[in-house]
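# How does the following fold in three dimensions:
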Amino acid sequence: MKINSLSIFCGAHKGHDPIFEDEAIELVNLLAEYSIDIVYGGGNVGLMKVISDRAVELGINVTGITLKSLNEFEQSNPNISKTLIVDDLFERKKAFIELSDGFIVLPGGIGSMDELLEVVVTNQLGLINKPVGLLNTKNYYDGFLSWFKESVKAGFVSQANFDALIYENTPKKLLELLISKKLPDDDDWIKRLNINDR
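A predicted model of the protein is given here:
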């Protein structure tokens, strides 16, 4: 499938190491080369500000999706193409899923993890069939990946569902894999579930 737009889930903080900001900018540079639009959380703080500012500089179409409760606090970036203000997290996640052909998660906090797991589970249940990428900058997500692998080993997650997640340490490699990812057939989602032991 051709990817025209990607949701980028990332932190409202930049993190302590400049590499997190550097790789976020590198990712946006690559998206500009591929003419891929960006959907993100709308904030004007942290890595959200970094990616949206760089995208605006490069002429990328950027849609921000923010909550009413966060709109004033995070001061939505006024320079982006479009801002959607929604009432709750459920509506926000629905908008991310509907407006995006795929998802990339940068280093972030609890909100970023929540968004990651939302799209992973939605894929697993066959409600969508879109690629999900995890940018493991400075091995930030090694702990999560270890848990994910252990859950497969313990029999709580299928190997197919784990294999559906794309993860790489550099933006270039991650984006290349995400764009070229062969998605499962739409009617093949049940193989990603652990229901064969009933």
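
# After the lowest-mean-pLDDT helix or strand in the chain, which helix or strand is next? Please name it.
For the chain, counting by mean pLDDT, DSSP states H and E, helix 68-71 ranks last in confidence among helices and strands (a mean of 73). Remark: after helix 68-71, the chain's next helix or strand is strand 82-86, criterion DSSP states H and E.

# Using CSV, write out every CA atom in the helix or strand just after that next one.
Following strand 82-86 in sequence order, the next helix or strand is helix 89-99 (DSSP H and E). Written as CSV, here are the backbone C-alpha positions of helix 89-99 (Å, rounded to 0.1, in the frame of the first residue of the first chain):
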residue,chain,number,x,y,z
LEU,A,89,-8.9,10.1,24.3
PHE,A,90,-11.2,7.7,22.5
GLU,A,91,-12.2,10.3,20.0
ARG,A,92,-8.6,11.3,19.6
LYS,A,93,-7.3,7.8,19.0
LYS,A,94,-10.2,7.2,16.5
ALA,A,95,-9.1,10.3,14.6
PHE,A,96,-5.4,9.1,14.5
ILE,A,97,-6.4,5.8,13.1
GLU,A,98,-8.8,7.2,10.5
LEU,A,99,-6.4,9.9,9.2
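
# What residues sit buried inside helix 89-99?
92-93, 95-97, 99 (16 or more other CB atoms under 10 Å). (Each C-beta comes from the backbone N, C-alpha and C, glycine too.)

# neighbours around residue 21, how many?
By the measure other CB atoms under 10 Å, the count of residues near residue 21 is 19.

# wouldn't it be in contact with residue 50 here?
Yes - using CB atoms under 8 Å, residue 21 is in contact with residue 50, at 5.3 Å.

# Can you check which residues contact both of these two?
Common neighbours of residue 21 and residue 50 (criterion: CB atoms under 8 Å, 6 or more residues apart in numbering): residue 14.

# which residues in the protein form helices?
18-33, 46-57, 68-71, 89-99, 110-124, 142-153, 159-163, 171-180 (DSSP state H).
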